[in-house]
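Asker: No sequence on hand, only this structure:
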């Protein structure tokens, strides 16, 4: 860079010297000096004209002239020797620099500057700086001192420059030679660096992995403790019981390969510390376990909800997203990510696509289950498939016989003119149901919403009560494994009885209504909501489902009410009774110890401190019982009763709110079907109803709009909405019945996290 600056300065000097005589003549002319012929021989005409110019003399000009020419004044016939300095300065300082030179030197200097086009890099800050090269001509040592001080004040960099043309030419040649040599060295260095980096790039990933592994190993070794001999390391850790043999074999192989004479020893220890939770997963079950762990890590040996979520999660999603066409597109997308998961792993680094890639298996299952629900709903892009033939005979309806249409008139002609199709099961149902799913005739009927709402609402209640019952049953496995019989009799049993007495009976009434009433008698079937209200009011319903209904319903309500104080009062009072028994037992053992120490004297035994007695008889079984009693947490009946009251209120009110929450299955299913139908009618339906050639253009243009909106709104947005609602049903309505989720995850030693972090 210095060589480049010097070269620019030399070049400027050569350029300036060609017209410095004219410029200096202009300055000297303004300053009132006379000997122009001594500055440059190439400017004689201008110099001669300067002699005849009328000049105005004042004190300042005389002083400036005196400063420029020295104390001796102008001497005709003597050559003027001008000094100069050259250097570089930041471009934005040029105006102030010129102004300062003019004021301090009183105009007796000549400045010439040129901008350097290429920005230069500041070695201290690595910023791009724009600079200009300059050269300043002056006469006399006094001006030289002033100029250098000004350059120093403006942080200009000065470079030496020879005074004669020959020396400047020689120096320029030397600078050019140095620049060429430096460019050659830089080129060779760049080529060598490129070769080194190319060879290193082949091994950089392996180096990162090795360094990451070494860091992980040494970080783990720092957690070890030294024994008293300072020769071996001792570590305590958790490991799966079934992997103890593998760990022992690995330690043995490590001892043999390292050539150590001291073998590694592995001992299994007993501890009162709660172990971490470890659930083995694979690439298929990992996403379901992640959904559960996002709510909370299960306690050690607690029932894991993830295996049940593999089936229930995509199934409940499909109930809300039931469409054969949309489910097929989602299934294809998930299947594509599963089949090409190795090729797509690089794209998974992106945050958005990484979420889809991580849930590729659950997306595939949700699409597959949605296809099944679409078959049940007989819904494909808001249309139906007539595979087995309809079970309805519309020609038997009254409005059909009274119209002007002949008996064999096509249904399309009738609907185009009349526009309404009100299905009456009592008149046109053939008696044999559609073999699989919903009859396709409902798709074109005007009263299909009444039928579908009733069906989907009942299905949602059945699925919700079934899943909540499963959650209560799973709590039995937790209580049985942890040998907590009190929770079985005071929580599981009354909770199950309460749920079945009210909501289980509601599900039973749904099935009774389906089997007891057919298409003809369905109009006189009792309303389930009214029946449930009459049940709590202890009133006889106007329409009965079966005989003795009033007595059974009253009994179920009484049983449900009894279970509430059962859950609220029994457990706290039993715990208090057990605590009092242990306390009395501890007092009894303390009296026995005092009798055993009777040899010390009765008075001494009465005043002896409890800790001294414990130290004297620490090996006795009575002391062990006393230590166990003291190690238990302090019993607080108020806290236990409050906790039990909160738990009881939460369960009772939760059964009601959670049952209503499952109605979201019906609501989102209805919304998805209606949005799909509106999109079809408003986009493709217009072109399909046109019988001329213009309808083909409408279909061709509208298909793209329909496809984009279907994917963006009905599949992505509606799919995300259904996914979040399904997640809520599992976290709140299902897992709250048995899952505590207050554990901590088992994190074994692995290189996977450290190497990936190092690569990032």
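Answerer: Okay, I see it. Just so we're clear, the structure is a prediction, and the values are computed from it rather than from any experiment.
Asker: what residue ranges in this protein score low on pLDDT?
Answerer: The chain contains residues with pLDDT under 70 at 1-80, 395-420, 590-633, 753-760.
Asker: and the longest helix for it?
Answerer: When the chain is parsed with DSSP state H, its longest helix is helix 549-596.
Asker: quick one: that one to chain centroid distance?
Answerer: 47 Å (C-alpha atoms, centre = their mean, to the nearest Å).
Asker: Next up, the contacts around the closest residue in space to residue 535 that isn't next to it in sequence.
Answerer: Take residue 535 and drop its neighbours on the chain: the residue closest to it by C-beta to C-beta, 6 or more residues apart in numbering is residue 553, 4.2 Å away. Every C-beta, even on glycine, is put in place using the N, C-alpha and C of the backbone. Residue 553 makes contact with 505, 534, 535, according to C-beta atoms under 8 Å, 6 or more residues apart in numbering.
Asker: Which of the residues you listed fall within helices?
Answerer: Using DSSP H, these in helices are 505, 534, 535.
Asker: my guess is the second one meets residue 540, correct?
Answerer: Same thing as residue 534. Yes. Counting by C-beta atoms under 8 Å, residue 540 is a contact partner of residue 534 at 7.0 Å.
Asker: So between these two, which is more surrounded?
Answerer: More crowded of residue 534 and residue 540, by other C-beta atoms under 10 Å: residue 534, with 18 against 11.
Asker: Name the nearest residue to the more buried one, ignoring sequence neighbours.
Answerer: Nearest one to residue 534, counting by C-beta to C-beta, 6+ apart, is residue 541 at 4.6 Å.
Asker: Would you mind measuring from that neighbour to residue 504?
Answerer: To residue 504, residue 541 is 19 Å away according to C-beta to C-beta, to the nearest Å.
Asker: what ranges do the strands span in the chain?
Answerer: Taking DSSP state E as the test, the strands found in the chain are 83-90, 110-115, 120-121, 128-129, 131-138, 157-159, 225-226, 233-234.
Asker: Out of those strands, indicate the one that is most buried.
Answerer: strand 131-138 (a mean of 23; mean count of other C-beta atoms under 10 Å).
Asker: so what strands line up beside it?
Answerer: Here strand 131-138 has these sheet partners by DSSP bridges: strand 83-90 (antiparallel), strand 110-115 (antiparallel).
Asker: so what's the residue nearest to residue 150 when sequence neighbours are not counted up against?
Answerer: Nearest residue to residue 150, sequence neighbours excluded (C-beta to C-beta, 6+ apart): residue 100, at 5.5 Å. Under the criterion of C-beta under 8 Å, 6+ apart, the contact partners of residue 100 comprise 150, 153, 154.
Asker: What of residue 393?
Answerer: Per C-beta under 8 Å, 6+ apart, neighbours of residue 393: 428, 429, 430.
Asker: Same check on residue 556?
Answerer: Counting by C-beta under 8 Å, 6+ apart, the residues that residue 556 touches are 501, 502, 505, 535.
Asker: My guess is the first one contacts residue 559. True?
Answerer: Translated: residue 501. Yes. Between residue 501 and residue 559 there is a contact under C-beta under 8 Å: 5.0 Å.
Asker: quick one: common contacting residues for these two?
Answerer: By C-beta under 8 Å, 6+ apart, no residue touches both residue 501 and residue 559.
Asker: neighbour count winner among those two?
Answerer: A side-by-side neighbour count of residue 501 and residue 559, using other C-beta under 10 Å, places residue 501 first with 19 against 15.
Asker: quick one, what contacts that one?
Answerer: Neighbours of residue 501 in contact, by C-beta under 8 Å, 6+ apart: 556, 557, 559, 560, 563.
Asker: With residue 509 as the reference, measure out to the residue nearest to residue 543 when sequence neighbours are not counted.
Answerer: Among residues not flanking residue 543 along the chain, residue 526 sits closest, at 3.6 Å (C-beta to C-beta, 6+ apart). Distance, residue 526 to residue 509, using C-beta to C-beta: 9 Å.
Asker: which one of those two has more residues nearby?
Answerer: Taking neighbours as other C-beta under 10 Å, residue 526 and residue 509 compare with residue 509 leading, 21 against 17.
Asker: Hmm, that one is touching residue 543, no?
Answerer: No. Using C-beta under 8 Å, residue 509 makes no contact with residue 543, being 11.9 Å away.
Asker: quick one on the thing from earlier: could you dump the ones in helices among the contacts of residue 553 into TSV with distance to residue 470 added?
Answerer: Formatted as TSV, those follow (distance: C-beta to C-beta, whole Å):
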residue	distance to residue 470
505	18
534	29
535	25
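Asker: Just give me the closest of the residues you listed to residue 513.
Answerer: residue 505 (12.5 Å; C-beta to C-beta).
Asker: Next, count neighbours for that closest one.
Answerer: By other C-beta under 10 Å, the residues close to residue 505 number 20.
Asker: quick one: contacts for it?
Answerer: 535, 553, 556.
Asker: What of residue 703?
Answerer: So residue 703 contacts residue 684 (C-beta under 8 Å, 6+ apart).
Asker: backbone phi and psi for residue 437, please?
Answerer: The phi and psi values for residue 437, taken as degrees, to the nearest 10, are phi 90, psi -160.
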